[in-house]
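Q: requesting a structural model of the entry that follows:
(one chain, ligands or ions: 1)
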Amino acid sequence: MNDSFRARLRALPDFPEDLPSFDPAAAPGDPVELFRLWLEGALAAGVRQPHAFSLATADAGGRVSSRMLILKDIDDDGGWQFATSRASRKGGELAQNPNAAMNFYWPELGRQIRVAGDVVHLSAEASAADWDARPASDGSPNPTWQLYALKPREIEFWQARADRHHIRHQMAF
Ligand SMILES: Cc1cc2nc3c(=O)[nH]c(=O)nc-3n(C[C@H](O)[C@H](O)[C@H](O)COP(=O)(O)O)c2cc1C
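A: I've put the predicted structure just below:
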């Protein structure tokens, strides 16, 4: 459609040359342990907001939407926690359809982590505590604020390689 724009996109830099190695056979078997290791590596490499991920949700008709969110915790029940308003689009979609998918991407390391499963609503107390812990919190409650946990059905750790033999480490539960 637009030759110069296409050329501009094609000329953009790819993954960096000095990518970290990743041997799934030597990695921790527990995906949460592996994620935490990778997160620390991302912080050490200067990745900004490595706890940011895109969350894809869908309404009852299967129409998909996505947006960026912040990971709040991975709890002892294996739930990957995030928080938002129940009155938001994603809040409405999650009420209709619990299926969701998270995607973390750290370009400096050529690493992507995909997590998909069902999302559950956590308690009003836990949601209020999350609201109160927000940096900009002025102490007034927000009754629509909701803490959610995604319970993984599948997780993939993906490592880019300079030779393009990218590594995919997949787990299903
Ligand atoms: C890096 C980043 C982190 C964000 N974190 C959150 C978050 O934790 N919770 C939230 O409700 N919105 C967060 N947002 C805003 C959402 O992306 C989105 O605009 C908003 O929640 C409305 O989404 P919806 O209309 O699809 O429900 C974040 C945006 C960015 C770019």
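Q: hey, let's count contacts and neighbours off CA atoms from now on
A: Will do.
Q: quick check, Pro120 in a strand?
A: No, residue 120 isn't Pro; it's Val. Yes: assessed with DSSP: H, G, I helix; E, B strand; the rest coil, Val120 lies in a strand.
Q: strands of this structure, residue ranges please.
A: Along the chain, the segments classed as strands by DSSP state E run 52-58, 64-70, 73-74, 80-85, 99-106, 111-121, 145-159, 167-172.
Q: with mean pLDDT, distance to Asp138 and mean neighbour count added, can I get the ones you listed in CSV?
A: Shown next, in CSV, are the strands of the chain (pLDDT from 0 to 100; distance: least, C-alpha to C-alpha, whole Å; neighbours: other C-alpha atoms under 10 Å):
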stretch, mean pLDDT, distance to Asp138, mean neighbour count
strand 52-58, 99, 24, 20
strand 64-70, 98, 20, 14
strand 73-74, 98, 22, 15
strand 80-85, 98, 17, 19
strand 99-106, 98, 30, 20
strand 111-121, 98, 24, 19
strand 145-159, 98, 14, 20
strand 167-172, 98, 41, 15
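Q: which parts of this protein sit against the ligand?
A: Within reach of the ligand by C-alpha under 6 Å from any ligand atom, the chain has these residues: Ala52, Arg67, Met68, Leu69, Ile70, Ala83, Thr84, Ser85, Ser88, Arg89, Lys90.
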